[in-house]
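Asker: quick check, what structure comes out for this input:
(2 chains)
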Amino acid sequence: MADNSGRIEIAGLSKTFGTTRAVDDLSFAVEPGSVTAFLGPNGAGKTTTLRMLLGLVAPNAGTATIGGQRYFELHRPNDLVGAVLESSSFHPGRSGRNHLRVYCTVNGYPDRRAGELLELVGLAGAADRTVRGYSLGMRQRLGLAAALLGDPHVLILDEPANGLDPPGIAWLRGFLRTLAAEGRTILVSSHVLSEVQQTADRVVIINQGRLVREGTLEDLSAGHGQTVRVRSPQAERLAAALRAKAAEVRLSDSSELHVTGLEAREVGHVAFVEQVELHTLETEQDDLEQIFFALTGMGAEPDVAATGGGRE
Amino acid sequence: MSALIRAEIRKLFTTKLWLWMLIATVGLTALFVSLTIAFDGQQGNESPRLNTPEGQRNLFGSPAGAAVIVGILGIIAMTSEFRHMTVTPTFLATPRRGRVVAAKMITYTGLGIAYAAAAIGVTLAVALPWLAAKNIDVSLGDNRIPQTLIGVGANVAIYAVLGVGLGALLKNQVAAVVGLLVYLLVVGPVLTAITSIREFTKYLPDAAAMALVQSTPAAGSAFLEQWQGGAVLIGWALLFAVLGYVFTVRRDIT
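Answerer: Residues are numbered from 1 along each chain as shown, chains lettered A, B, ... in the order given. From the prediction side, this is the model:
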């Protein structure tokens, strides 16, 4: 897996549905062997981007390639790429095992792969029941099994945790970690950062079809500094002294300060020099979720997130 | 392509629909043949008598009714992919979508021939002893009955392809099935019954099918030759398939 066969490259990708610009000149890359979280609010264009990458939706401009080839140029694509895009793409009257066997036949894999994968995702007990009776969690597992039939280097998952109950999400998280540890390239979309935070090496954040941020999780928190919260009976005097040190200071009431640009240690020192009495001195770390909300405008204006874009 | 066809066969036999449709084919054919023989020569029945060549060709052409069922199977083969979203994994495995449609057409041609054989078997099993009991002479090698039976097989097989094409075009299962039934049971027969416009209506799928099985309606003739009927019917099937490919199958799967 040292080769570049698993590198995903999105270059200048655009797609318009009617008057809605779902994806707008989007470019990013996913390096082989990494787990990348593809984040954005509902309607940001994540699904459309993934479907263009997989040749299901034709872009208006730009290219999306896997290992340098567009999806339809791949010989037997299931050998290289596995994807789960919907929570249920199964015929309800077909058993889980037979669903997998259909795709074994298409790709020339031996039938025993179906049994092996059902075992792997924990569906062996339900393998010969029709999908009609499967819960949402079981369907999600069957979808993953189908995606993994060809033991692909690249795994693409669109909102895999949608509709799963907490035990299902926990299982999925562990399963993705196992797959990542095997060195697969995983691109997983989500509108909830915490779902993928523990698995992802990198994040790509989009909003309204445009790239907002690309990088590691550490990159994401850097730049969005920390805030030091201070309570003091002489807040105004301390504020003046801190401003003199080029810190940004906000008074939330007559005795509370929020300081950015200085560390707690430095704020304490200024207070000591000024002989100001302190009641509280603590660092507040913005969590990633807050940063994500800030970048995509989800937290501040929930209405925008609910209606923005419209199409996924 | 052979892997795709084997996959389509597997899809077909891993749900129960094929079995119910086969039972329906056998049951409806037996019923239709029984009614044809029972009402032969009854007052008010203007169909040709069973002791005439025309009457016998009509009788042995009746398993062509399986075309309706096989046509519905063809429609479902394509539309159920869209309905259950299996179209996503199907096209992910085979990004050249035309090959999927072609594999379905080939698979369902075979299915059509098999269903036609079952329907012909039932027809012979019901008709031969019954006609013998009524002292009506039947020689299966004469009166162009072999041509009719071959026409039945071709007709049913082509309808399977036509169903796949129609399903690809309309994508919506209910719309495609209802559309086919309304055409075959209402629109087609009404148009064909108007003899003055038959010069045009003889090219419609149901009239082409009648030419293909060499059946003779109660009112008038002026249908196409048998081979022409087959060619026209194949033309309709391919037309739907090409339109379906251009306007539906190639489109974005969202």
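Asker: for residue 8, which non-adjacent residue is closest in space?
Answerer: Picked chain A for this. Leaving aside its sequence neighbours, residue A:8 sits nearest to residue A:30 (CB to CB, 6 or more residues apart in numbering or on different chains; 3.9 Å). C-beta: built from backbone N, CA, C; applies to glycine.
Asker: correction: the question concerned chain B.
Answerer: residue B:107 is the one closest to residue B:8 (CB to CB, 6+ apart), at 4.0 Å.
Asker: how about residue A:39, phi and psi?
Answerer: In terms of degrees, to the nearest 10, the main-chain angles of residue A:39 are phi -110, psi 150.
Asker: SS state for the residue nearest to it when sequence neighbours are not counted?
Answerer: Leaving out its chain neighbours, the residue that sits closest to residue A:39 by CB to CB, 6+ apart is residue A:205, at 4.7 Å. Classification of residue A:205 using DSSP: H, G, I helix; E, B strand; the rest coil returns strand.
Asker: residues contacting residue A:205?
Answerer: By CB atoms under 8 Å, 6 or more residues apart in numbering or on different chains, the contact list for residue A:205 reads A:39, A:40, A:211, A:212, A:213, A:214, A:220, A:292, A:295, A:296.
Asker: my read is residue A:21 is in a strand, agree?
Answerer: Yes - assessed by three-state DSSP, residue A:21 belongs to a strand.
Asker: for the stretch 151-300 of chain A, give me the ranges with low pLDDT.
Answerer: Within the stretch 151-300 of chain A, the set of residues satisfying pLDDT under 70 comprises A:221-225, A:285-288, A:298-300.
Asker: what bridges to the closest residue to chain B within it?
Answerer: Proximity of the stretch 151-300 of chain A to chain B (CB to the nearest CB) peaks at residue A:156, 9.6 Å away. When bridges are called by DSSP bridges, residue A:156 pairs up with residue A:83, residue A:187.
Asker: got the contact list for it?
Answerer: Contacts of residue A:156 (CB under 8 Å, 6+ apart): A:50, A:53, A:54, A:81, A:82, A:83, A:84, A:85, A:186, A:187, A:188.
Asker: can I get those in JSON lines with neighbour count and distance to residue A:173?
Answerer: Listed next are the contacts of residue A:156 as JSON lines, based on neighbours: other CB atoms under 10 Å in any protein chain shown; distance: CB to CB, whole Å:
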{"residue": "A:50", "neighbour count": "23", "distance to residue A:173": "20"}
{"residue": "A:53", "neighbour count": "26", "distance to residue A:173": "23"}
{"residue": "A:54", "neighbour count": "23", "distance to residue A:173": "23"}
{"residue": "A:81", "neighbour count": "25", "distance to residue A:173": "22"}
{"residue": "A:82", "neighbour count": "27", "distance to residue A:173": "18"}
{"residue": "A:83", "neighbour count": "26", "distance to residue A:173": "19"}
{"residue": "A:84", "neighbour count": "26", "distance to residue A:173": "15"}
{"residue": "A:85", "neighbour count": "24", "distance to residue A:173": "19"}
{"residue": "A:186", "neighbour count": "26", "distance to residue A:173": "12"}
{"residue": "A:187", "neighbour count": "26", "distance to residue A:173": "16"}
{"residue": "A:188", "neighbour count": "25", "distance to residue A:173": "10"}
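Asker: show me what the top helix by length along chain A is packed against.
Answerer: Selection of the longest helix in chain A by residue count, based on DSSP state H, yields helix A:166-181. In this structure, helix A:166-181 makes packing contacts with helix A:136-147, strand A:185-190, judged by 3 or more CB pairs under 8 Å, 6 or more residues apart in numbering or on different chains; DSSP states H and E.
Asker: can I get the ones you listed in a markdown table including distance to residue B:200?
Answerer: Shown next, in a markdown table, are the helices and strands packed on helix A:166-181 (distance: least, CB to CB, whole Å):
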| stretch | distance to residue B:200 |
| --- | --- |
| helix A:136-147 | 49 |
| strand A:185-190 | 54 |
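Asker: deepest of these, which one?
Answerer: Ranked by mean neighbour count under mean count of other CB atoms under 10 Å in any protein chain shown, the helices and strands packed on helix A:166-181 are led by strand A:185-190, which reaches a mean of 25.
Asker: returning to that earlier point: next, count neighbours for the residue nearest to residue B:8.
Answerer: 23 (other CB atoms under 10 Å in any protein chain shown).
Asker: now do the SS call for it.
Answerer: Relying on three-state DSSP, one would call residue B:107 helix.
Asker: hang on, it packs against residue B:12?
Answerer: Yes - counting by CB atoms under 8 Å, residue B:12 is a contact partner of residue B:107 at 6.9 Å.
Asker: apart from its chain neighbours, what residue comes closest to residue 82?
Answerer: This is for chain A. Once flanking residues are discounted, residue A:82 sits nearest to residue A:147: 3.2 Å by CB to CB, 6+ apart.
Asker: looking at chain B here, not the other one
Answerer: Using CB to CB, 6+ apart, the closest residue to residue B:82 is residue B:171 (4.9 Å).
Asker: run a quick neighbour tally on the one you found.
Answerer: There are 19 residues near residue B:171, going by other CB under 10 Å.
Asker: ok, the one 3 residues further on next?
Answerer: Residues lying near residue B:174 (other CB under 10 Å) number 11.
Asker: so which of the helices and strands packed on helix A:166-181 is nearest residue B:193?
Answerer: helix A:136-147 (50.2 Å; CB to CB).
Asker: contact residues of the stretch 1-150 of chain A facing chain B?
Answerer: Within the stretch 1-150 of chain A, the positions near chain B by CB under 8 Å from any CB of the partner chain are A:47-48, A:51, A:54-58, A:71-72, A:74, A:77-78, A:81, A:83, A:85-86, A:88-95, A:98-99, A:101-103, A:105-108, A:146.
Asker: which parts of chain A are strands?
Answerer: Secondary structure of chain A by DSSP state E: the strands cover A:8-17, A:20-30, A:35-39, A:61-66, A:81-84, A:154-158, A:185-190, A:202-207, A:210-216, A:227-231, A:248-253, A:256-260, A:280-284.
Asker: would you turn these into CSV with distance to residue B:36?
Answerer: Formatted as CSV, the strands of chain A follow (distance: least, CB to CB, whole Å):
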stretch, distance to residue B:36
strand A:8-17, 54
strand A:20-30, 58
strand A:35-39, 64
strand A:61-66, 60
strand A:81-84, 53
strand A:154-158, 56
strand A:185-190, 61
strand A:202-207, 66
strand A:210-216, 69
strand A:227-231, 89
strand A:248-253, 92
strand A:256-260, 91
strand A:280-284, 88
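Asker: wait, what's in contact with residue 147?
Answerer: No chain specified, so I'll use chain A. Residue A:147 is in contact with A:82, A:83, A:84, A:155, A:157, counting by CB under 8 Å, 6+ apart.
Asker: wait, I meant chain B there
Answerer: The neighbours of residue B:147, taking CB under 8 Å, 6+ apart as the test, are B:214, B:226.
Asker: what about it, which helix or strand?
Answerer: helix B:145-170 (DSSP states H and E).
Asker: sort out which residues of that helix are buried, please.
Answerer: B:145, B:148-170 (16 or more other CB atoms under 10 Å in any protein chain shown).
Asker: what residues are up against residue A:281?
Answerer: By CB under 8 Å, 6+ apart, the neighbours of residue A:281 are A:228, A:229, A:230, A:264, A:267, A:268, A:271.
Asker: my guess is the third one contacts residue A:283. True?
Answerer: Spelled out, it's residue A:230. No - at 10.5 Å, residue A:230 does not count as touching residue A:283 under the criterion of CB under 8 Å.
Asker: neighbour-wise, which of these two wins?
Answerer: Taking neighbours as other CB under 10 Å, residue A:230 and residue A:283 compare with residue A:230 leading, 25 against 13.
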